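Peer 1: Please work out how this folds:
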Amino acid sequence: MRLIISIILLVAAPRIYANDVASYLQEYGRTGVSNYSTEQAIIRDSDLENLLNKLSPFYGDTLTRIRQKAYYLTYKKAIQSNENRTLAVNRLLNGGGDADGGIVGQNLGYLKNFNLDDFDAESARLINLKLSSTRIQHYKDFVLLAGFIGTGKDILYQKVLDRDVPGKTKWYISLALARMGNSEQIAYCMDKVRSLPINDNLLDYVVPDLLYMRQKVGVDFCVTILNSNEKLCHSSNPDNSESIVCGYKILEILAPVVIGIPVAVDATGFVRVDNYEELLNKARQWFL
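Peer 2: Prediction:
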């Protein structure tokens, strides 16, 4: 009886992994239960290259959740590191070929938080491989990533000319080419935007695309909305049904991307202010 109890206690006792990456991921694969403190220890106690080497066998694991966790640890270590983050970027890009669309989308989301300097020629090669077929999972995000680092111009321009490519896909291709300075596509994107009515939908779904281009003409369009006194938008406050000027909403979109704008935003991207009217006037004067 004592032997049986001892075996039960041994099995039931929590395991201490410290920075034993393999043991942690194997246990995670078995239970599906994450341990935040253990993950923090793993991230803290290994340099980036060493951790990636430890994670390497798990990027191709048969269990989806293990692969997903391996890429998560890769991202968390890299984003907190001052080391060669390009190593992690290219690991995440390699994960763009994973059979699970959730992992591909997860990795592309992670990559949006890296700097341009974190991408190299190998990064560009891996992205270019994804641009040939518009039918792959998360094609739009690969296109926008290509525009961000400035690669794949010729491939993307051919897709713009291809009649079989859906219009919505072509929109993102045009945005990427516009970001890379293609004047024809900058003009096309601006013409499209100017043809739309100014309202909440434009600000919520189109203007962020416009600012992705990082072209002055796009910012100028936003400043025009900022200076307008027409009440064409609605408050984010559900208790306020009155129409408001769109300038209040455009501030939240401009603030994260325009250097020096006198508007403070919190971690969620919302403007921190007590008096919106005063802030709007201040922002208008600043742009002038």
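
Peer 1: Output the lowest mean pLDDT helix or strand found in this structure.
Peer 2: Least confident helix or strand of the chain, by mean pLDDT, DSSP states H and E, is helix 2-12 with a mean of 44.

Peer 1: Would you tell me what the next helix or strand after it is?
Peer 2: For helix 2-12, the following helix or strand on the C-terminal side (DSSP states H and E) is helix 21-31.

Peer 1: mean confidence score for that next one?
Peer 2: Averaged across helix 21-31, the pLDDT comes to 96.

Peer 1: Please report how far Tyr36 lies from Ser81.
Peer 2: Remark: distance between Tyr36 and Ser81 (Cβ to Cβ, to the nearest Å) = 19 Å. Bear in mind the C-beta positions are built from the backbone N, C-alpha and C, glycine included.

Peer 1: go on, Ala88?
Peer 2: 8 Å.

Peer 1: Pull up the overlap in contacts between those two.
Peer 2: Here Ala88 and Ser81 have Leu48 as joint contacts, going by Cβ atoms under 8 Å, 6 or more residues apart in numbering.

Peer 1: more crowded one of these two?
Peer 2: It is Ala88, of Ala88 and Ser81, that has more neighbours when counted by other Cβ atoms under 10 Å, with 27 against 15.

Peer 1: Distance of the closest residue to the more buried one other than its chain neighbours relative to Ser243?
Peer 2: Spatial nearest neighbour of Ala88, chain neighbours left out: Ala78 (3.3 Å); criterion: Cβ to Cβ, 6 or more residues apart in numbering. Ala78 sits 45 Å away from Ser243, taking Cβ to Cβ as the criterion.

Peer 1: For those two, work out which one has more neighbours and name it.
Peer 2: Ala78 (25 against 14).

Peer 1: Does the more buried one belong to a helix, a strand or coil?
Peer 2: Per DSSP: H, G, I helix; E, B strand; the rest coil, the local secondary structure of Ala78 is helix.

Peer 1: Contact partners for it?
Peer 2: Here Ala78 is in contact with Leu48, Arg85, Leu87, Ala88, Val89, Phe114 (Cβ under 8 Å, 6+ apart).

Peer 1: I'd guessed the second one sits against Asn113; true?
Peer 2: No. Contact between Arg85 and Asn113 fails when scored by Cβ atoms under 8 Å: they sit 10.4 Å apart.

Peer 1: joint contacts of the two?
Peer 2: The contact sets of Arg85 and Asn113 overlap at Ile79 (Cβ under 8 Å, 6+ apart).

Peer 1: Compare these two (neighbour count), which wins?
Peer 2: A direct count of neighbours by other Cβ under 10 Å for Arg85 and Asn113 places Arg85 higher, at 19 against 10.

Peer 1: Skipping its backbone neighbours, what lies nearest Tyr75 in space?
Peer 2: Leaving out its chain neighbours, the residue that sits closest to Tyr75 by Cβ to Cβ, 6+ apart is Tyr110, at 4.2 Å.

Peer 1: pLDDT of the helix or strand encompassing that neighbour, averaged?
Peer 2: Element membership of Tyr110 [criterion: DSSP H and E] is helix 101-111. Averaged across helix 101-111, the pLDDT comes to 98.

Peer 1: next one: stretch 71-90
Peer 2: 95.

Peer 1: For Asp118, see how far away the residue nearest to Phe119 when sequence neighbours are not counted is.
Peer 2: Excluding the flanking residues, the one nearest Phe119 by Cβ to Cβ, 6+ apart is Ile149, at 4.7 Å. Ile149 sits 9 Å away from Asp118, going by Cβ to Cβ.

Peer 1: try Pro262
Peer 2: 30 Å.

Peer 1: Between these two, which is the more surrounded one?
Peer 2: Set Pro262 next to Asp118 and count neighbours by other Cβ under 10 Å: Asp118 wins out with 19 against 10.
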